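*Asks:* Fold the following, please.
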Amino acid sequence: MGRLFVKKRPVVLIILAGCVLTLPIILWGAPFQSDDGLAHARWYIHFSEQLWSGDLYPRWLVGMNNGLGSPVFFYYPPVPYFLTSFIHPLFPDDSHGWYQLGVSASLAIILSGVTARLWLRQIVKDTPALIAALLYMAGPYHLAADVYLRFSFAEFWSFVWMPLILFFTHKILDGNRLALVGFSVSYALLIMTHLPTTLIFSVVPLGYAFTLKSNQKLKAVGKIIGSMAFGVGLSAIYFYPAMTIEKYVYLDRMGTGYFSYENWLFFSNFSLWTDDKLLILLLVFDLLAISSCAFLMSRKTLDKTGRKVGLFWFVMAIGSAFMMTQLSKPIWMVFYPLQKIQFPFRFNIILTLAATALIAFAVSAIRDIIRSTNFIAKTACFLLVAGWIPTTVWAVITDYPLSPADQKAMLVEVEQSRDAPEYRPRGSESMNAIDWESSRDIDNWDNKMKAEYDGLIQRSGITKDGYSRVELIKGTGQVDVLQWKPRELVLHARYNSDVEVIVNQFYFPNWTARIDGEQRNSIIQPSRPDGLIALKIPEGDHQVRLSLEKGGEELTGQIVSTISLLFLLIYVLSAGIINLRDRKMRP
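*Replies:* Numbering: from 1, shown residues only. This next block holds a predicted model:
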């Protein structure tokens, strides 16, 4: 029993540390006043409710936007919401999802420590790996910024998968056949968790493999590329539709104004959002300084391979900081997909990984460091790490506690379920008329978005007491709603003449209409001015069925993911047979 505890002690320490670091969100739920907390609460409650009602992959959230629907999960990665939904039945009274999201955030921090330790044990011994993993969990960008200040739900879950990918990179280079499967699955999970992180992280395993392998470097990199390709295939069920149907919403507008990468490069337009930029700048300086000190402290104590890996991570740290400055703008302009990440400060993800690896090396060489005369580097590194504590405490104080009045107002916002404007289906004249460059004034931008949405709701006839799901525009008669489910609406219409009605769901491509079982797509179109479903129903007594069918993009993604999964299973079986044969051949 004692041996088992000693063996499991690092995991126990990681769990305890994770609970301490996230105690406020365990006690009080996801931070109300964070940048993205409300948005994730809105999405999560509808996602989990539909999932537990039998919708195995909720893409169209029927209750969003006060019941007008939203295509958000055609575009937004679903993995963190799937994982969090597993605990949904344990919180029957948490109708707004705050505590479920809080527990999920705590779990993400703990799992990130577990996977970081797995990775770090490939380059250092157990104790340094554990210490560095704990610091990875508590890192200022990871914990204070991503969890407490921003509650960037998808981004902080990505911190779980990146170390796992690096762990399997080591195993692939060691000749473990099944590691290719582990890498592919981990990479698919990263894609289906946060695309901006995937974009900026994907170069890291390639460079890491090239650095670790002393010979046959191109072969090693080729294995990593092949594993990545399988990961893309596994994630195609999400990735392919998300990339090919962006034109149906306003995601292309997210590269302007407040959301443009140009406005967040240091030191361009520093007068815009100065407080936020100063905070990010201090964070970058802290992590970069720690990386530099740790690199200097451990450099002379490492073997040849360790020095190569240490240099790789130091270059990654410098490169990440560089990509956040105005000097890197030519790279952003040439590699256009980079602009999709919107905020260059997301390169702090790579900087955090680099600092973690370098700290692991520094702790590993602690005996030699203690004997060394490099007192300034030792002291500076300790103080820089200690500086994370007041930063995190300040982030917590910023979010908690919330006054009852503010809490009530935010809960009302969650209940209204107003979606982020970039996921509004096109067809709304009021949304088309908005100049997204005006988002530079973020406070007025929020007011402008609210005013546009309030106008939409008023025109739709939605009130505090509810609303009519079907509105008769022309003609006379009666319509009853027989079914109102995600992607499936059934109406019973009885009219004495041809009529026109508006169904209070947003129009989206692949909505199809059937009258008495006969498909008649000519009767369905977007309404003006709001882009809702408009129907022309002939006179008589009819059953009208509206279905959001799976389009070619969605079906293609499912087929590619299924084929990739089958190939992966075949590979696992063949690798198992080969391993079994090798064991039998051993003397």
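*Asks:* low-scoring stretches of the stretch 151-300 of the chain, by residue?
*Replies:* Along the stretch 151-300 of the chain, segments meeting pLDDT under 70 are nowhere present.
*Asks:* do that again at 80, thanks
*Replies:* For the stretch 151-300 of the chain, residues meeting the criterion pLDDT under 80 lie at 214, 268-271.
*Asks:* Tell me which stretches of it form helices.
*Replies:* Assigned by DSSP state H, counting those that start in this stretch, the stretch 151-300 of the chain shows helices spanning 153-173, 179-191, 195-201, 203-212, 217-234, 236-244, 274-298.
*Asks:* Reformat those helices as a markdown table; add mean neighbour count.
*Replies:* (Each C-beta comes from the backbone N, C-alpha and C, glycine too.) Below are these laid out as a markdown table (neighbours: other Cβ atoms under 10 Å):
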| stretch | mean neighbour count |
| --- | --- |
| helix 153-173 | 24 |
| helix 179-191 | 23 |
| helix 195-201 | 20 |
| helix 203-212 | 19 |
| helix 217-234 | 18 |
| helix 236-244 | 21 |
| helix 274-298 | 20 |
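*Asks:* So which of the ones you listed is nearest residue 571?
*Replies:* Residue 571 sits nearest to helix 179-191 of all the helices of the stretch 151-300 of the chain, at 6.7 Å, using Cβ to Cβ.
*Asks:* what about that closest one, distance to the chain center?
*Replies:* Distance of helix 179-191 from the chain centroid (Cα atoms, centre = their mean, to the nearest Å) equals 16 Å.
*Asks:* What is it packed up against?
*Replies:* helix 153-173, helix 195-201, helix 217-234, helix 552-585 (3 or more Cβ pairs under 8 Å, 6 or more residues apart in numbering; DSSP states H and E).
*Asks:* related to what we said a few turns ago, I'd like the helices of the stretch 151-300 of the chain laid out as JSON lines, including distance to residue 115.
*Replies:* Formatted as JSON lines, the helices of the stretch 151-300 of the chain follow (distance: least, Cβ to Cβ, whole Å):
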{"stretch": "helix 153-173", "distance to residue 115": "4"}
{"stretch": "helix 179-191", "distance to residue 115": "9"}
{"stretch": "helix 195-201", "distance to residue 115": "14"}
{"stretch": "helix 203-212", "distance to residue 115": "14"}
{"stretch": "helix 217-234", "distance to residue 115": "16"}
{"stretch": "helix 236-244", "distance to residue 115": "21"}
{"stretch": "helix 274-298", "distance to residue 115": "20"}
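*Asks:* So for residue 506, which of those sits nearest?
*Replies:* helix 236-244 (17.0 Å).
*Asks:* what's the angle from the closest one to helix 179-191?
*Replies:* 40 degrees (axes from the mean of the first three to the mean of the last three Cα atoms, to 10 degrees).
*Asks:* tilt between helix 236-244 and helix 552-585?
*Replies:* 140 degrees.
*Asks:* And helix 236-244, how far out from the chain middle?
*Replies:* 15 Å.
*Asks:* of all the helices of the stretch 151-300 of the chain, which lies closest to residue 565?
*Replies:* Short answer: helix 217-234, nearest of these by Cβ to Cβ, at 6.3 Å.
*Asks:* Name all residues that make contact with the closest residue in space to residue 109 that isn't next to it in sequence.
*Replies:* Residue nearest to residue 109 in three dimensions, not counting chain neighbours: residue 18, with 4.6 Å by Cβ to Cβ, 6 or more residues apart in numbering. By Cβ atoms under 8 Å, 6 or more residues apart in numbering, residue 18 lies in contact with 106-107, 109-110, 113, 137.
*Asks:* hang on, the earlier thing: mind checking the helices and strands packed on helix 179-191 for the one nearest to residue 51?
*Replies:* helix 153-173 (16.1 Å).
*Asks:* which helices and strands does the closest one pack with?
*Replies:* Against helix 153-173 (3+ Cβ pairs under 8 Å, 6+ apart) you get helix 79-85, helix 98-120, helix 179-191, helix 195-201, helix 203-212, helix 217-234, helix 348-364.
*Asks:* I'd like to know how many residues surround the closest residue to residue 256 other than its chain neighbours.
*Replies:* Spatial nearest neighbour of residue 256, chain neighbours left out: residue 436 (4.7 Å); criterion: Cβ to Cβ, 6+ apart. Residue 436 has 20 neighbours, counted by other Cβ atoms under 10 Å.
*Asks:* quick one: residue 436 and residue 257 touch, right?
*Replies:* Yes: Residue 436 is in contact with residue 257 according to Cβ atoms under 8 Å; the separation is 5.3 Å.
*Asks:* so which strand or helix has the residue nearest to residue 109?
*Replies:* Residue 18 belongs to helix 2-21 when assigned by DSSP states H and E.
*Asks:* Send me the helix or strand just after that helix as PDB with only the CA atoms.
*Replies:* As assigned by DSSP H and E, the chain's next helix or strand after helix 2-21 is helix 23-28. Output in PDB follows, covering the C-alpha atoms of helix 23-28 (Å, rounded to 0.1, in the frame of the first residue of the first chain):
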ATOM      1  CA  LEU A  23     -10.600  26.800  -5.500                       C
ATOM      2  CA  PRO A  24     -12.500  30.100  -6.300                       C
ATOM      3  CA  ILE A  25     -14.100  28.600  -9.400                       C
ATOM      4  CA  ILE A  26     -14.900  25.400  -7.600                       C
ATOM      5  CA  LEU A  27     -16.600  27.300  -4.900                       C
ATOM      6  CA  TRP A  28     -18.300  30.100  -6.900                       C
END
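*Asks:* which other residues reach helix 23-28?
*Replies:* Against helix 23-28 from outside (Cβ under 8 Å, 6+ apart): 19, 31, 98, 101-103, 105-106, 147-148, 396, 399-401.
*Asks:* next one: that helix to chain centre, how far?
*Replies:* Distance, centroid of helix 23-28 to centroid of chain: 21 Å (Cα atoms, centre = their mean).
*Asks:* for the helix or strand that that helix is followed by, which positions count as buried?
*Replies:* Next helix or strand after helix 23-28 toward the C-terminus (DSSP H and E): helix 37-52. Buried residues in helix 37-52, counted by 16 or more other Cβ atoms under 10 Å: 37-51.
*Asks:* what's near enough to touch the residue nearest to residue 256?
*Replies:* Residue 436 touches 253-254, 256-257, 259, counting by Cβ under 8 Å, 6+ apart.
*Asks:* for the residues you listed, which one is nearest residue 556?
*Replies:* Distances from residue 556 to those, taken by Cβ to Cβ, are shortest for residue 254, at 24.6 Å.
*Asks:* what about the closest one, how many neighbours?
*Replies:* 20.
*Asks:* In contact with it, which residues?
*Replies:* Residue 254 neighbours (Cβ under 8 Å, 6+ apart): 342, 422, 436.
*Asks:* and these as CSV, adding distance to residue 172 and pLDDT?
*Replies:* Formatted as CSV, the contacts of residue 254 follow (distance: Cβ to Cβ, whole Å; pLDDT from 0 to 100):
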residue, distance to residue 172, pLDDT
342, 32, 90
422, 37, 93
436, 43, 89
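*Asks:* now, which of those sits nearest residue 448?
*Replies:* residue 436 (10.1 Å).
*Asks:* how far away is the closest one from residue 445?
*Replies:* Computed as Cβ to Cβ, to the nearest Å, the residue 436 to residue 445 distance reads 9 Å.
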